[in-house]
Structure formats: C-alpha cells, structure tokens
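[1] A predicted structure for the sequence below; I have some questions about it.
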Amino acid sequence: MATKTNFTPEEWKKLLEAPLLAGFAISAADPGGFFSVMQEGLASAKALAQAKMDKTADELIKAVTEDLLTPEGRSSAREGVRAVATKGDFAGIKDRALAELKQAASIVDAKAPGDATAFKGWLAHTAQLVAEAGKEGGFLGFGGVAVSDKEKATLAEIHKVLGV
C-alpha cells in the first residue's frame, strides 16, 4: 500500500489537490447560487471526513486525507486549486480541473497501482456527493434539480479522465 513516501513532493501535491478539484470541477460546471455553492463546499468537506472515519478506507486515501487536514496540506492543496481557478478564463476552469484530475490518476496508476482503483473511485464519489449537494435552477434553495444536466455531463467526464 502506498503512502506519501512513494511520491515526489510535486506528485503528492497533485494527489492532495485531486479531491478538492473533483468537487471544484462540478461546481464550475454549473455554478449555482450562494446556497448551492455553500452546500457543495460542505459536501466536499464531508467526503474528507467520511474517508478519515472509515476504518476500511484504502491506506493512500487515509494518507491524503490526513495530510489535507493539516494546515500545510490544506494550504498546498488550496494553492493548486487557486492556480486552476485563476489561470485563464472562467469558462476553462472545469477543463483545467479535469486535466489536473487526469494527471493525478496517471500518477496513482504509475506509482500505486494497487491503490489506484480505490483512490480514483473515492475521487469520483467525492464529485458525486458535491453534485448531489446543492439544487440547481431553483430559487433560494427551493425547486430546481438535485443534479443538473451540466453536472451529469461533468460527472461522466470525471469518470472518463479517472478511468472508472
């Protein structure tokens, strides 16, 4: 089972960014209102908390989660997300996030093939939780749909880049 020591610092940073970018890609695909964004952010945090509490979670997932819950890990991951958000135009955020997820998947496939399926499945699950968190197309949280067509399409893209 892989841990932080199996990766270069740059590779590890990509793995730390990946769960945040999985949710970020969903939010960028169909940005809802304030309440939707808040709910989606909380869903991403919930996925991290679930992984930390899951006694049967893969060791790599546990290592990434534990590091993300440190100030240094959180700061490192946020820097990567900020770079995706601020580099280029707003319309390209989702595509840049997907490209970063693809890199993370490639790193795990190459360096930790025994953990790759679980790790990539966890990223896809995180994206699903975020997609289901906030209703899209409603008003002040009322009405709308749980997962919009744009979010469904982005979930399919996430599955494709992760190879799950």
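    Yes, it's here.
[2] When you work out contacts or count neighbours from here on, use the C-alpha atoms and nothing else.
    OK.
[3] Measure how buried G114 is and give me the count.
    Using other Cα atoms under 10 Å as the criterion, G114 is surrounded by 15 other residues.
[4] how close does it get to K62?
    Using Cα to Cα, to the nearest Å, we find G114 at a distance of 14 Å from K62.
[5] again, but for D115
    In terms of Cα to Cα, D115 sits 11 Å off from K62.
[6] overlap in contacts of those two?
    Counting by Cα atoms under 8 Å, 6 or more residues apart in numbering, D115 and K62 have no contacts in common.
[7] Tell me which residues of stretch 67-84 come out buried.
    Of all the residues in stretch 67-84, those buried under the rule 16 or more other Cα atoms under 10 Å are 67-68, 73-74, 76-78, 80-81, 84.
[8] So which of these belong to helices?
    67-68, 73-74, 76-78, 80-81, 84 (DSSP state H).
[9] could those go into CSV alongside pLDDT and distance to K94?
    Formatted as CSV, these follow (pLDDT from 0 to 100; distance: Cα to Cα, whole Å):
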residue, pLDDT, distance to K94
D67, 93, 25
L68, 91, 22
G73, 91, 23
R74, 89, 21
S76, 90, 20
A77, 90, 17
R78, 89, 16
G80, 88, 14
V81, 88, 11
V84, 89, 9
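[10] on that earlier part again, now, which of the buried residues of stretch 67-84 sits nearest T126?
    Checking the buried residues of stretch 67-84 against T126 by Cα to Cα gives L68 as the nearest, at 14.4 Å.
[11] How about that closest one: what's its closest non-neighbour residue?
    What sits nearest to L68 in space, not counting adjacent residues and going by Cα to Cα, 6 or more residues apart in numbering, is R74, at 4.8 Å.
[12] What distance do you get for the one you found to D95?
    Distance from R74 to D95, by Cα to Cα: 22 Å.
[13] same question, S148
    From S148 over to D95 (counting by Cα to Cα), the distance is 18 Å.
[14] burial of A22, as a residue count?
    27.
[15] from now on call the first residue 10
    Understood, numbering begins at 10; the last thing we discussed is A31.
[16] Now do the same contact list for E141.
    By Cα under 8 Å, 6+ apart, E141 lies in contact with 155-156.
[17] before we move on, what about A37?
    102-103.
[18] what's the helix or strand for it?
    Applying DSSP states H and E as the criterion places A37 in helix 18-38.
[19] so what's the residue nearest to the spatial centre of the chain closest to, chain neighbours aside?
    For the chain, the residue nearest the mean C-alpha position is A31 (2.4 Å; Cα atoms, centre = their mean). The shortest distance from A31 to any non-neighbouring residue, by Cα to Cα, 6+ apart, is to A136 (5.1 Å).
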